[in-house]
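Visitor: Below are the sequence and a predicted model for it; my questions follow.
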Amino acid sequence: LAQRAGSIEETRSAVKKADEAVANAERILGQLLLMAKIDAAGKDEARSLERVDLIELVREITAEHVPAAGDADIDLGFDGEGEAFIRAEPLLIGELLKNLIGNALLYSGRGAEVTSRVFARDGSVSLEVEDNGPGIRPELHETVLRRFERGGSDAPGSGLGLPIVEEIAELYGATTSLSEGADGRGLKVTIRFPEG
């Protein structure tokens, strides 16, 4: 398209579209590779689990996303104190969180607020990522946890982010639930892990 463009503006537009398509393809490929890794981890009965301080890990990964949130005009914050330990593979838990925060930044919209939080209660450790964007209609909450299902947004995506989250959570005995955010706005994803 760029080669056939009649003006420099058309060329730039075609190159921009190509860049966006490549970035989307890279994201999908990365998610597919991660799904393969999750499938392999699920079959590896001898895998060793580490004791992970989820508060420390979530704080670090949230901080890594602050520049991208700033570029998207989104207020990204973290809420959690002390320690909250789970037994898991830190790399996969990191990927779970990157998917949750990445989804919130992608779909919540400019001017939104996104908060990741961790708290321990009653023998479990909960990880939440909540935004006040447009959210996902409640009747689609179960649907979007299936591979390649999307929540109705026009933003680019493959429908793999939340299924990746749920499949990683299940590896470590955790449950995933979706609900509306505060004041009935946005989306809150809650992952509840056994305390470790």
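Guide: Alright, I've got the coordinates.
Visitor: drop to CA atoms for contacts and neighbour counts, all remaining ones
Guide: Noted.
Visitor: What segments of this structure are strands?
Guide: Counting by DSSP state E, the chain has strands at residues 50-53, 75-79, 85-88, 113-121, 124-131, 175-179, 187-194.
Visitor: Residue 161: which of those strands is closest?
Guide: Nearest to residue 161 among the strands of the chain is strand 187-194 (11.9 Å), distances taken as C-alpha to C-alpha.
Visitor: Report the distance from the closest one to the chain centre.
Guide: In terms of C-alpha atoms, centre = their mean, to the nearest Å, the centre of strand 187-194 is found 12 Å from the chain centre.
Visitor: Next: stretch 67-80.
Guide: The answer for stretch 67-80 is 14 Å, by C-alpha atoms, centre = their mean.
Visitor: what's the span of it from first residue to last?
Guide: Chord length of stretch 67-80, first to last residue, is 20 Å (C-alpha to C-alpha, to the nearest Å).
Visitor: Mean neighbour count for the strands of the chain - can I get that in TSV?
Guide: Formatted as TSV, these follow (neighbours: other C-alpha atoms under 10 Å):
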stretch	mean neighbour count
strand 50-53	16
strand 75-79	18
strand 85-88	20
strand 113-121	20
strand 124-131	23
strand 175-179	18
strand 187-194	22
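Visitor: Sketch out the low-pLDDT regions of the chain for me.
Guide: Along the chain, the model assigns pLDDT under 70 to residues 23-48, 141, 143-160.
Visitor: And the strands of the chain: which comes nearest residue 139?
Guide: Going by C-alpha to C-alpha, the one of these nearest residue 139 is strand 175-179, 10.4 Å.
Visitor: partners of that closest one in the sheet?
Guide: strand 187-194 (antiparallel) (DSSP bridges).
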